[in-house]
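*Asks:* below are the sequence and a predicted model; questions follow.
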Amino acid sequence: MVMRTVVIRMALGIVVAGWSATGWSEVPRLASGKPDLQGNWDFRTLTPFERPGRFGDREFLTDEEIAGWEEAVRVGRERAANVDFDEAAKGQGTQGDVDVGYNSYYIDQGSKHSSTKRTSQVIDPPNGRVPQVKPAAGERMGRMIALQARSPEGPEDRSITDRCIKGFNAGPPMVNGAYNNIMQIVQTDDHVVVLVEMVNDHRVIPTSGGEQLPENMRFWKGDSRGVWDGDTFVVTTTNFNEHQNYRLTGPDMTLTEYFTRLDVDTLEYKFTVDDSFAYDRPWTAVVNMERTDDLVYEYACHEGNYSMPLMLRGARKKEMAGVVDETWLPSWYQPRR
């Protein structure tokens with residue numbers, strides 16, 4: 001398709017605008033001509049990560065279905081926010097009420113579907129679902145859970161999320177979670193910096209590619225190398241450390257991320273997980289991030305935060321009292337498979 005192109009030169013970059021079958025689109029560019037990925041990007045979405053069974057083989061939703069879904073979520077959240085918990089409880093409290101200290105005030109998962117209009121973020125396999133996990137990966141996760149369930153001898157016995165080292169939605173890969181679903185990109189000709197608000201995770205990614213680091217050099221977020229493939233910035237990450245467990249993957253996972261600026265307000269983020277230890281085949285997910293004027297705030301969670309000494313102090317108190325406690329996992333904890 002032929003596009004009529006208008007180039008508008010600006011002080012800090014270039015905006016390339018063109019007419020396509022879908023209407024006017026604009027792709028901001030740096031002076032070098034590369035797409036400008038910079039800005040703050042919101043990846044909250046109601047789009048399920050995996051396709052719900054009721055959609056069968058359907059890949060996309062209609063506008064009417066999306067509007068109905070978003071309205072149902074709005075009504076449900078409004079109803080939940082107006083619950084009289086004292087009246088509703090009536091002595092029917094559960095351990096989950098103690099384990100979860102969050103309510104709708106803290107949860108911020110968004111109110112709209114991704115502009116992809118897909119029934120799931122997973123696009124490959126075609127059924128929209130993550131492939132079945134191999135037994136060895138499940139056994140590895142079982143050992144990790146068993147360690148976290150027992151009374152901790154030290155901080156190393158707790159999960160990396162408890163220790164605020166890595167986790168939740170920060171990635172890599174980045175996926176929407178309960179809150180802090182925003183990330184910032186800063187870009188030069190030589191590097192792209194990705195900062196996720198959750199845990200203040202950041203990666204400084206060279207744009208010149210290059211060889212991955214030696215096998216024996218391992219990192220919490222892996223070793224990320226980027227190259228431009230046309231207008232898409234492709235990042236390959238390997239060399240994760242032994243604590244890597246995104247959806248039961250292991251340290252030898254290869255993660256490939258694709259950042260494509262679709263227009264002024266939209267950044268397509270796609271990633272492929274390839275780990276023969278955990279899955280029989282690679283799988284891919286995609287979500288459109290939306291440009292936002294919201295700021296990225298400090299996430300005040302770090303190694304040795306105040307919760308950690310309190311947990312360890314509680315463990316020592318129970319030991320002194322002769323109590324054997326193997327219930328250190330919260331009641332809501334369910335590992336993703």
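*Replies:* Received it, and whenever you're ready, just let me know what you need.

*Asks:* can you give me the helices for the stretch 201-337 of the chain?
*Replies:* With DSSP state H, counting those that start in this stretch, the ranges of helices along the stretch 201-337 of the chain come out as 307-320.

*Asks:* which parts of the protein are strands?
*Replies:* With strands called from DSSP state E, the chain shows them at 5-9, 14-20, 23-29, 39-42, 122-124, 182-187, 191-196, 201-206, 223-229, 232-238, 254-263, 266-274, 283-291.

*Asks:* closest to residue 112 out of these?
*Replies:* Nearest to residue 112 among the strands of the chain is strand 283-291; the distance by Cβ to Cβ comes to 8.5 Å. Just so you know, the C-beta spots here come from the backbone N, C-alpha and C atoms, and that holds for glycine as well.

*Asks:* relative to the whole chain's centre, how far out is the closest one?
*Replies:* 10 Å (Cα atoms, centre = their mean, to the nearest Å).

*Asks:* sheet partners, orientation included, of it?
*Replies:* Partners of strand 283-291 in the sheet, by DSSP bridges, are strand 39-42 (antiparallel), strand 122-124 (antiparallel), strand 266-274 (antiparallel).

*Asks:* want to throw those strands into JSON lines with distance to residue 114, mean pLDDT and mean neighbour count?
*Replies:* Shown next, in JSON lines, are those (distance: least, Cβ to Cβ, whole Å; pLDDT from 0 to 100; neighbours: other Cβ atoms under 10 Å):
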{"stretch": "strand 39-42", "distance to residue 114": "11", "mean pLDDT": "98", "mean neighbour count": "20"}
{"stretch": "strand 122-124", "distance to residue 114": "11", "mean pLDDT": "98", "mean neighbour count": "18"}
{"stretch": "strand 266-274", "distance to residue 114": "10", "mean pLDDT": "98", "mean neighbour count": "20"}
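
*Asks:* of all the ones you listed, which lies closest to residue 58?
*Replies:* strand 122-124 (12.7 Å).

*Asks:* so how far is that closest one off the chain centroid?
*Replies:* Using Cα atoms, centre = their mean, the offset of strand 122-124 from its chain centre is 15 Å.

*Asks:* what's it in contact with?
*Replies:* 49-51, 59, 128-130, 270, 272, 282-286 (Cβ atoms under 8 Å, 6 or more residues apart in numbering).

*Asks:* and those as TSV, adding distance to residue 70?
*Replies:* Output for the contacts of strand 122-124, formatted as TSV (distance: Cβ to Cβ, whole Å):
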residue	distance to residue 70
49	17
50	19
51	18
59	19
128	20
129	23
130	25
270	23
272	29
282	32
283	27
284	25
285	21
286	20
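
*Asks:* nearest to residue 237, of those residues?
*Replies:* Looking across those and measuring by Cβ to Cβ, the closest to residue 237 is residue 272, at 10.9 Å.

*Asks:* quickly list what the closest one is bridged to.
*Replies:* In this structure, residue 272 bridges to residue 256, residue 284 when assessed by DSSP bridges.

*Asks:* thought it was touching residue 237?
*Replies:* No: here residue 272 does not reach residue 237: they are 10.9 Å apart, not a contact under Cβ atoms under 8 Å.

*Asks:* quickly list what's touching both of the two.
*Replies:* Residues touching both residue 272 and residue 237 (Cβ under 8 Å, 6+ apart): 255, 256.

*Asks:* one step back: any of the contacts of strand 122-124 buried? List them.
*Replies:* Using 16 or more other Cβ atoms under 10 Å as the burial test, the contacts of strand 122-124 include 49, 51, 128, 130, 270, 272, 283, 284, 285, 286 as buried.
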